[in-house]
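Peer 1: Here is my input; please provide its structure:
(chains A and B)
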Protein chains: 2
Amino acid sequence: MIYELTVTQFIKTLKNMDSFFEKAAGYADSKKFDVDVLLQSRLAPDQFNLIRQVQIACDTAKLGASRLTGKAAPSNDDSEKTLAEVKARIQSTIAYLESFKPEDYKNAATATITQPRWEGKTLTGNEYVIHHMIPNLYFHVTTAYAILRHNGVDVGKKDFLGAMPYKLP
Amino acid sequence: MIYELTVTQFIKTLKNMDSFFEKAAGYADSKKFDVDVLLQSRLAPDQFNLIRQVQIACDTAKLGASRLTGKAAPSNDDSEKTLAEVKARIQSTIAYLESFKPEDYKNAATATITQPRWEGKTLTGNEYVIHHMIPNLYFHVTTAYAILRHNGVDVGKKDFLGAMPYKLP
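Peer 2: All right, here's what the predicted structure looks like:
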């Protein structure tokens, strides 16, 4: 289930986040302001701006996949400044996630996860997915959404959730 | 894994959300304004206010548990107006989730989930959890957080994520 939760569903969610930026670009065009104003926006003066929210969402997905599977992740220098660069960051993260197969996750649930800033402490893969990766990914995608929503971009909950895989009666 | 994702982790997340309101109350006290102002706040004029964000987060957890297990859920009339009532709504949802045991979820992954507004369409339990319950819960808890953060309440990401179940080296 970790593959579905953090690969296929994160790909879907990153695509949904990309769609927020399509609406942001259209809004900036219609109002004749520079879309970069939105990219620098935040909801509080000591909150990360919109670009940083996207970078952290992408890193949550990318580093999580790497740690759960033991495959090295490509590095990013977090230098995005323009809408095109932000969208390219999202697309490169999606492409990285698409490189994984379900069998890459066969030992993920019980893998021992750590990182330098944890100073030797560990989580199991399951704990890492449930307590950190999933809430953190949705936190930053929702915050990106909230920054745009607050600034007048016409995003709605359907943009955030995307389509449901309904079976017809 | 559905029990851990949507019962124990949702209980943790609802407790984290409750802690936002402790900080909100302290902030209102220190600034000498009525905390009800925060409860009516939103980030855009056509967005649900803070009270409604809490109600939807609670309903996502409550109705999800009911649908996945086939146990009837208590009803709520969504009449909360005060801080005490909002906190009571969160606490009653936590108490409801705490009434479930892991074995109540033994058929949840493959259960057929539907509701009146889907007009006969269905999802499996797994699909419902991954595509709807989890993103929707975190969406509304993060939006509640964002409304408070935007209005000056000193909430931080640790309040949102809560403690990690680290094992020491």
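Peer 1: what's the neighbour count on A:S79?
Peer 2: Number of residues near A:S79 (other C-beta atoms under 10 Å in any protein chain shown) recorded here: 9. Heads up, the C-betas are built off the backbone N, CA and C, glycines and all.
Peer 1: Nearest spatial neighbour of it, chain-adjacent residues omitted?
Peer 2: Leaving aside its sequence neighbours, A:S79 sits nearest to A:E85 (C-beta to C-beta, 6 or more residues apart in numbering or on different chains; 7.6 Å).
Peer 1: State the helix or strand in which the most centrally placed residue in chain A lies.
Peer 2: For chain A, A:A57 is the residue whose C-alpha lies nearest the centre (C-alpha atoms, centre = their mean; 3.2 Å). Following DSSP states H and E, one finds A:A57 within helix A:50-69.
Peer 1: What are the buried residues along that helix?
Peer 2: A:50-62, A:64-65, A:67-69 (16 or more other C-beta atoms under 10 Å in any protein chain shown).
Peer 1: before we move on, back to that, what degree of burial does the residue nearest to A:S79 show, as a neighbour count?
Peer 2: A:E85: 13 surrounding residues under other C-beta under 10 Å.
Peer 1: Which element, helix or strand, includes it?
Peer 2: Secondary structure assignment for A:E85, by DSSP H and E: helix A:83-98.
Peer 1: got the CA positions of that helix in PDB?
Peer 2: Extracted in PDB, the C-alpha atoms of helix A:83-98 (Å, rounded to 0.1, in the frame of the first residue of the first chain):
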ATOM      1  CA  LEU A  83       6.800  30.100 -13.000                       C
ATOM      2  CA  ALA A  84       8.500  28.000 -15.700                       C
ATOM      3  CA  GLU A  85      11.100  26.800 -13.200                       C
ATOM      4  CA  VAL A  86       8.600  26.000 -10.600                       C
ATOM      5  CA  LYS A  87       6.600  23.900 -13.000                       C
ATOM      6  CA  ALA A  88       9.800  22.200 -14.200                       C
ATOM      7  CA  ARG A  89      10.600  21.300 -10.600                       C
ATOM      8  CA  ILE A  90       7.200  19.700 -10.200                       C
ATOM      9  CA  GLN A  91       7.500  17.800 -13.500                       C
ATOM     10  CA  SER A  92      11.000  16.500 -12.600                       C
ATOM     11  CA  THR A  93       9.700  15.200  -9.300                       C
ATOM     12  CA  ILE A  94       6.800  13.500 -11.100                       C
ATOM     13  CA  ALA A  95       9.300  11.900 -13.500                       C
ATOM     14  CA  TYR A  96      11.500  10.700 -10.700                       C
ATOM     15  CA  LEU A  97       8.500   9.100  -8.900                       C
ATOM     16  CA  GLU A  98       7.400   7.500 -12.200                       C
END
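Peer 1: What is that helix packed up against?
Peer 2: helix A:9-31, helix A:36-39, helix A:50-69 (3 or more C-beta pairs under 8 Å, 6 or more residues apart in numbering or on different chains; DSSP states H and E).
Peer 1: give me that answer again for 6 Å
Peer 2: Where contact means 3 or more C-beta pairs under 6 Å, 6 or more residues apart in numbering or on different chains; DSSP states H and E, helix A:83-98 is packed against helix A:9-31, helix A:50-69.
Peer 1: Tell me which of these sits nearest to B:A108.
Peer 2: Checking the helices and strands packed on helix A:83-98 against B:A108 by C-beta to C-beta gives helix A:9-31 as the closest, at 17.2 Å.
Peer 1: buried stuff in the closest one?
Peer 2: Here helix A:9-31 shows A:9-14, A:16-18, A:20-21, A:24-25, A:27-28 as buried, counting by 16+ other C-beta under 10 Å.
Peer 1: repeat for stretch A:44-51
Peer 2: A:47-48, A:50-51.
Peer 1: residues in contact with that stretch?
Peer 2: Stretch A:44-51 is contacted by residues A:39-42, A:80, A:144, A:147, B:149-150 when judged by C-beta atoms under 6 Å, 6 or more residues apart in numbering or on different chains.
Peer 1: Quick one: buried ones out of those?
Peer 2: Among those, those classed as buried by 16+ other C-beta under 10 Å are A:39, A:41-42, A:80, A:144, A:147, B:149-150.
Peer 1: Filter those down to the ones in helices?
Peer 2: A:39, A:144, A:147, B:149-150 (DSSP state H).
Peer 1: from those residues, which is closest to A:K157?
Peer 2: Of all those, the one with the least separation from A:K157 (C-beta to C-beta) is A:A144, at 14.2 Å.
Peer 1: returning to that earlier point: state the number of residues packed around the residue nearest to the residue nearest to the centre of chain A when sequence neighbours are not counted.
Peer 2: Distance criterion C-beta to C-beta, 6+ apart; nearest residue to A:A57, sequence neighbours excluded, is A:H140 at 3.9 Å. When neighbours are counted by other C-beta under 10 Å, A:H140 registers 24.
Peer 1: Next, the angle from the helix or strand hosting A:H140 to helix A:9-31.
Peer 2: Per DSSP H and E: A:H140 is located in helix A:134-150. Interaxial angle, helix A:134-150 versus helix A:9-31 (axes from the mean of the first three to the mean of the last three C-alpha atoms, to 10 degrees): 10 degrees.
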